[in-house]
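A.B. asks: here you go, sequence then predicted model.
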Amino acid sequence: MAALSRPSLPDHCHARPRLCHPPTALDNYSYYNCSYLSGRGAMDKPAHMFDRDSEWASLTRFVGNEAKGATIGVIYGRRRQGKTFLLDALCKATGGFYFAATEATERETLTRLGAELAEHLGLPSAIGLADWYQAVDWLLALGRDRPVPVVIDEFPYLVQATPSLPSIIQRAYAPNRNERTQSRTRLLLCGSAMSFMGRLLTGNAPLRGRAGLEMVVPTLDYRLAARFWDIDDPRLAALTHSVVGGTPAYRTEFLHGDRPESLSDFGPWIVRNVLDRDSPLFREARHLLAEEPNLRDQGLYHSVLSAIAAGNNARSGIASFIGRKVTDLAHPLTVLEDAGLVRREEDAFRAARTRYCIAEPLVTFYHAVMRPEWSRLDRAGQAARVWEESGDRFRGRVVGPHFEALCRHWAQFYAGPETFTASPSHVGRGVVNDAARRTSHEVDVVVTGAATGSRRPLLAIGEAKWGERVGLGHAERLRRVREVLRGRTDVDASAARLVLFSAAGFTDELRELAAGDDEVRLIEVADLYRD
């Protein structure tokens with residue numbers, strides 16, 4: 001095994017490394033007077049960066065730690081969420097070093113890294129890096145004089161060419177090794193392969209215990225997405241989010257700012273931007289699957305996703321849909337979960353019962369609307385007709401379930417104190433068995449508080465309807481469900497409120513009932529977006 005060697009930097013590089021970006025790009029943040037890194041004040045987020053306040057604060061706090069000793073951070077999230085934009089902005093603001101890996105051999109990568117390091121340091125020629133042992137020591141040397149971020153983006157590409165790289169970094173970051181203890185390099189390993197990046201710090205992985213930061217960069221939530229897309233109409237915002245979710249790049253890079261201008265423009269926008277075979281979004285759902293290295297049997301995974309998109313949320317239903325045994329699903333469902341494409345949810349009333357849902361709206365839209373019509377969509381001139389014929393599938397399999405998810409999100413994070421009798425601890429959905437009437441009731445929104453004893457306080461149960469006007473019958477069904485729950489010993493439903501959500505409005509009779517009944521709450525789609 002090659003020995004780790006201390007790189008020898010020219011004297012002028014120890015004193016004053018050359019900026020990797022011109023001083024004008026740093027605004028008010030001096031490369032040499034890095035007081036923002038000391039904890040005396042947080043570095044301002046770049047004005048052109050939308051949201052990501054929490055992520056920016058965490059990164060600057062991690063990078064700005066003045067303590068000696070090199071540290072490691074792991075950053076990951078699905079593609080096109082702005083990870084590269086975020087980390088590149090961090091390096092530009094601090095004079096850090098950013099390296100974007102590509103699919104290449106180890107030798108080619110080391111050659112390119114040596115050239116970019118030399119440019120960063122102002123050296124007249126490329127640095128010859130014999131191996132990754134030497135390369136990691138050069139990265140550690142960048143932080144000898146001050147805390148400095150060193151970003152390696154698309155880290156999984158490097159490990160694909162050099163499987164031992166995590167172990168090499170582990171050895172370089174040995175607790176008492178001089179090159180680490182005398183360095184303040186803040187090494188940030190970034191990647192989009194969710195399953196791979198998620199395992200870097202787990203179990204017996206080499207880097208377990210070495211990282212001081214683990215950050216998942218999420219998609220924008222539905223309210224932030226509406227702001228990002230500059231959509232003021234709540235109904236239009238919910239429709240748009242049900243298709244493209246909160247992925248920033250879909251607007252900026254894929255569609256170049258094209259957005260639905262009105263409800264009447266939503267259909268034409270779908271046709272020209274999602275169903276058009278020449279649009280970048282047309283094959284995006286397929287690419288999301290293909291980009292995950294652990295998803296080798298593409299047909300199987302697409303079939304599982306199609307089963308879930310068709311409303312088969314339980315393992316038995318998925319197995320029946322794809323023609324496999326229930327026991328055959330453990331691996332593909334776990335892989336899809338690790339990849340961030342599927343989310344498992346426990347039934348709010350029976351923990352042993354789990355449901356599966358697709359975590360990425362565009363994947364749901366693809367499997368519910370596009371995949372069944374793929375041969376037609378792949379021919380020119382068919383997009384408008386396919387969309388016209390897909391209305392029922394879109395409403396029933398895409399926007400309806402998505403609206404329910406938005407209602408749960410609102411109940412968990414945005415509902416005001418007047419909505420429930422206490423702060424929610426958990427919001428989910430569940431099925432209630434009604435033995436007396438020999439039926440079962442699906443509850444779209446189940447809000448529970450923090451348990452203080454053997455019984456969980458049930459704060460509210462709710463029903464959400466996208467295209468149906470909600471009336472007295474819906475309220476009476478919830479009353480029946482609450483009555484059944486009041487007879488159970490595991491929940492305390494004595495103070496549970498009835499919350500009805502609708503994007504199509506409420507009947508006059510129901511509004512009159514709610515006006516005089518403090519136990520009933522009516523929530524319109526506009527309320528989901530109202531501060």
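C.D. replies: Okay, I see it.

A.B. asks: got the domain ranges for the chain?
C.D. replies: 11-216, 222-273, 284-389, 405-528 (automatic domain parsing).

A.B. asks: format those as JSON lines; extra columns: mean neighbour count.
C.D. replies: Any C-beta I mention is one placed from the backbone N, CA and C, and that applies to glycine too. Below are the domains of the chain laid out as JSON lines (neighbours: other C-beta atoms under 10 Å):
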{"stretch": "domain 11-216", "mean neighbour count": "18"}
{"stretch": "domain 222-273", "mean neighbour count": "18"}
{"stretch": "domain 284-389", "mean neighbour count": "17"}
{"stretch": "domain 405-528", "mean neighbour count": "17"}
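
A.B. asks: nearest to Gly396, of those?
C.D. replies: Minimum separation from Gly396 across these (C-beta to C-beta) falls at domain 284-389, 8.0 Å.

A.B. asks: what's the end-to-end length of the closest one?
C.D. replies: Start and end residues of domain 284-389 are separated by 22 Å (C-alpha to C-alpha, to the nearest Å).

A.B. asks: try stretch 124-139
C.D. replies: One end of stretch 124-139 sits 18 Å from the other (C-alpha to C-alpha).

A.B. asks: likewise for stretch 213-232?
C.D. replies: Note: stretch 213-232 ends 36 Å apart using C-alpha to C-alpha.

A.B. asks: for Arg397, find the nearest of the domains of the chain.
C.D. replies: Counting by C-beta to C-beta, Arg397 lies closest to domain 284-389 out of those; the figure is 3.9 Å.

A.B. asks: and the strands in the stretch 401-531 of the chain?
C.D. replies: For the stretch 401-531 of the chain, applying DSSP state E, counting those that start in this stretch gives strands covering 426-434, 439-448, 456-465, 491-492, 497-502, 520-524.

A.B. asks: got CSV for those strands, with mean pLDDT and distance to Arg184 too?
C.D. replies: CSV is the format used below for these (pLDDT from 0 to 100; distance: least, C-beta to C-beta, whole Å):
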stretch, mean pLDDT, distance to Arg184
strand 426-434, 95, 41
strand 439-448, 96, 46
strand 456-465, 96, 47
strand 491-492, 93, 52
strand 497-502, 97, 51
strand 520-524, 97, 50
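
A.B. asks: by mean pLDDT, flag the weakest helix or strand of this structure.
C.D. replies: Every helix and strand of the chain was ranked by mean pLDDT, DSSP states H and E. The lowest is helix 11-15, at a mean of 38.

A.B. asks: can I get the strands of the stretch 401-531 of the chain in TSV including distance to Gln81?
C.D. replies: Converted to TSV, the strands of the stretch 401-531 of the chain look like this (distance: least, C-beta to C-beta, whole Å):
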stretch	distance to Gln81
strand 426-434	24
strand 439-448	27
strand 456-465	27
strand 491-492	37
strand 497-502	28
strand 520-524	29
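
A.B. asks: for Glu337, which of these is the nearest?
C.D. replies: strand 426-434 (16.7 Å).

A.B. asks: quick one: Pro397 and Arg456, what's the gap?
C.D. replies: I think there's a mix-up here, since residue 397 is Arg and not Pro. Distance of Arg397 to Arg456, computed by C-beta to C-beta, to the nearest Å: 31 Å.

A.B. asks: I'd guessed Gly114 sits against Asp131; true?
C.D. replies: No - here Gly114 does not reach Asp131: they are 11.4 Å apart, not a contact under C-beta atoms under 8 Å.

A.B. asks: pLDDT below threshold where in the chain?
C.D. replies: Residues of the chain that meet the criterion pLDDT under 70 lie in 1-42.

A.B. asks: centroid residue for it?
C.D. replies: Pro218 (3.1 Å; C-alpha atoms, centre = their mean).

A.B. asks: OK, contacts around the closest residue to that residue other than its chain neighbours?
C.D. replies: Sequence neighbours aside, Gly77 is the residue nearest to Pro218 in space, at 6.5 Å (criterion: C-beta to C-beta, 6 or more residues apart in numbering). Counting by C-beta atoms under 8 Å, 6 or more residues apart in numbering, Gly77 makes contact with Lys83, Ser192, Met194, Val216, Val217, Pro218, Gly340.

A.B. asks: roughly how far does Gly77 sit from Ser164?
C.D. replies: Taking C-beta to C-beta, one finds Gly77 at 25 Å from Ser164.

A.B. asks: what of Ala496?
C.D. replies: From Ala496 over to Ser164 (counting by C-beta to C-beta), the distance is 56 Å.

A.B. asks: so what's the backbone phi/psi at Leu275?
C.D. replies: The phi and psi values for Leu275, taken as degrees, to the nearest 10, are phi -90, psi -10.

A.B. asks: can you give me the helices in the stretch 301-450 of the chain?
C.D. replies: Listed in chain order, the helices found in the stretch 301-450 of the chain under DSSP state H, counting those that start in this stretch are 315-322, 330-338, 361-365, 374-377, 383-389, 391-393, 400-413.

A.B. asks: tilt between the last one and strand 456-465?
C.D. replies: Helix 400-413 runs at 140 degrees relative to strand 456-465, counting by axes from the mean of the first three to the mean of the last three C-alpha atoms, to 10 degrees.
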